[in-house]
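S.K.: give me the fold of what follows.
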Amino acid sequence: MNIAIFGSCVSRDTCELAPDAAVVAYVARQSVTSLVTPHGEEDVELDELNSPFQVRMVTGDLEGNGVDRLVEVAKKIDLVLIDLVDERRGFWQFPDGTTMTNSIEIELCGAGMRSKRKGARLVEFGTDEHFEAWQVGFSALLDEMKRAEIWDRSVLLDIEWACAVAGSPHPENTASAKLGRRWRKMQRGGREATRRLSRGAGVGEAARHFRNVGRTETEEFADRARQANAKYARYREFARGKVAAVVSKQSHEVRIDRDHKWGPQPFHYRDEDYFSIFDSIRARAAAIGVGREGSEQE
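M.R.: Residues are numbered from 1 along each chain as shown. This next block holds a predicted model:
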């Protein structure tokens with residue numbers, strides 16, 4: 001099955017584990033806002049990026065070439081997978097109205113901060129301003145796909161971020177569950193205060209550590225996932241009404257893979273989750289009668 005991706009690691013990792021999937025185009029690190037108001041490469045320095053993939057993806061964002069990449073392979077592809085994870089970092093808006101996705105690469109090479117000094121401002125994901133601009137960009141993406149006659153092969157991967165690591169239960173958000181988390185935090189604070197006192201710290205210092213005990217990694221993952229899922233809700237709802245098909249997973253159905261090759265993140269799932277997602281993708285492909293053998297790798 002030949003697949004094009006407009007999205008992120010969610011789509012990519014799903015396809016990597018499917019033996020009958022071949023990715024013929026991968027548009028990553030690109031907000032749909034760049035399809036409408038791309039900033040261009042002229043005054044953006046990318047010298048610190050040493051990965052050809054990173055350079056290619058960021059350059060593609062600056063050019064706003066995401067739809068062009070899909071149209072180029074329109075006759076080869078069976079499905080177009082779309083996910084929204086790369087929207088999470090927002091976008092930079094320049095004084096002339098053009099935009100640049102705030103990808104991790106843009107941050108790593110310092111292009112974001114340099115753009116800020118030139119008058120650009122960060123439009124954060126989840127704000128009304130971001131959502132309104134994103135709606136325009138997402139509609140433009142689907143309109144162009146219709147013109148290229150590939151809209152009917154579009155599949156939105158509506159996969160919520162996982163709140164728990166593999167092997168752990170999904171954390172509840174009831175009053176009793178919150179009380180339990182607060183109690184466990186107090187216990188950790190008490191143990192830390194006791195350790196400080198045993199090492200000769202004063203009562204004041206021990207008390208500060210008791211009050212300021214941090215969250216565990218598991219708690220941080222859960223909090224990040226809940227916040228992200230809440231922010232994504234209206235984006236996902238809008239996108240679901242625009243695409244030809246949707247594959248969904250709720251947070252309690254997926255788990256974080258602690259041994260994921262790119263590290264544990266709420267959007268880095270277990271192999272079994274990816275297999276389940278792709279089973280649903282196959283069902284969509286079968287429903288529209290696609291799934292040719294053989295493929296051309298990017």
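S.K.: all strands of the stretch 151-298 of the chain, in order?
M.R.: Using DSSP state E, counting those that start in this stretch, the strands assigned to the stretch 151-298 of the chain run over residues 154-159, 245-249.
S.K.: so can I have CSV of those strands showing mean neighbour count and distance to Phe131?
M.R.: C-beta: built from backbone N, CA, C; applies to glycine. Conversion of the strands of the stretch 151-298 of the chain to CSV gives the following (neighbours: other C-beta atoms under 10 Å; distance: least, C-beta to C-beta, whole Å):
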stretch, mean neighbour count, distance to Phe131
strand 154-159, 23, 16
strand 245-249, 17, 19
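S.K.: what mean pLDDT does stretch 111-118 have?
M.R.: Average pLDDT, stretch 111-118: 94.
S.K.: buried sites along that stretch?
M.R.: For stretch 111-118, burial by neighbour count (16 or more other C-beta atoms under 10 Å) applies to 111-112, 115.
S.K.: stretch 129-143 now?
M.R.: The neighbour-count criterion (16+ other C-beta under 10 Å) identifies 130-131, 133-135, 137-142 as the buried residues of stretch 129-143.
S.K.: out of the strands of the stretch 151-298 of the chain, which is closest to Gly7?
M.R.: The closest approach between Gly7 and any of those, judged by C-beta to C-beta, belongs to strand 154-159 at 7.0 Å.
S.K.: name the helices or strands packed onto that closest one?
M.R.: Taking 3 or more C-beta pairs under 8 Å, 6 or more residues apart in numbering; DSSP states H and E as the contact definition, the neighbouring helices and strands of strand 154-159 are helix 9-16, strand 79-82, helix 217-240, strand 245-249, helix 271-287.
S.K.: tell me the mean pLDDT for the last one?
M.R.: It refers to helix 271-287. When pLDDT is averaged over helix 271-287, the result is 94.
S.K.: that older thread, in CSV, list the buried residues of stretch 129-143 along with pLDDT.
M.R.: Formatted as CSV, those follow (pLDDT from 0 to 100):
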residue, pLDDT
His130, 98
Phe131, 98
Ala133, 98
Trp134, 98
Gln135, 98
Gly137, 98
Phe138, 98
Ser139, 98
Ala140, 98
Leu141, 98
Leu142, 98
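S.K.: tell me the two of those residues that are most distant?
M.R.: Greatest spatial distance among the buried residues of stretch 129-143 (C-beta to C-beta): His130 and Leu142, at 18.5 Å.
S.K.: not counting sequence-adjacent ones, nearest residue to the residue most central in space within the chain?
M.R.: Relative to the mean C-alpha position of the chain, the nearest C-alpha, by C-alpha atoms, centre = their mean, is the one of Val85, at 1.9 Å. With sequence-adjacent residues excluded and distances taken as C-beta to C-beta, 6 or more residues apart in numbering, Val85 is closest to Ser8, at 3.9 Å.
S.K.: check contacts around the one you found.
M.R.: With contact taken as C-beta atoms under 8 Å, 6 or more residues apart in numbering, Ser8 is in contact with 28, 83, 85-86, 267.
S.K.: return the member of these nearest to Gln250.
M.R.: Within the contacts of Ser8, the smallest distance to Gln250 is 13.9 Å, found for Phe267 (C-beta to C-beta).
S.K.: separation between that closest one and Thr98?
M.R.: Counting by C-beta to C-beta, to the nearest Å, the gap from Phe267 to Thr98 is 28 Å.
S.K.: repeat that for Asp20.
M.R.: The gap separating Asp20 from Thr98 is 40 Å, by C-beta to C-beta.
S.K.: compare these two (neighbour count), which wins?
M.R.: Taking Asp20 and Thr98 together and counting by other C-beta atoms under 10 Å, Thr98 has the greater number of neighbours (18 against 13).
S.K.: any idea how far the more buried one is from Arg89?
M.R.: For Thr98, the distance to Arg89 (C-beta to C-beta) stands at 17 Å.
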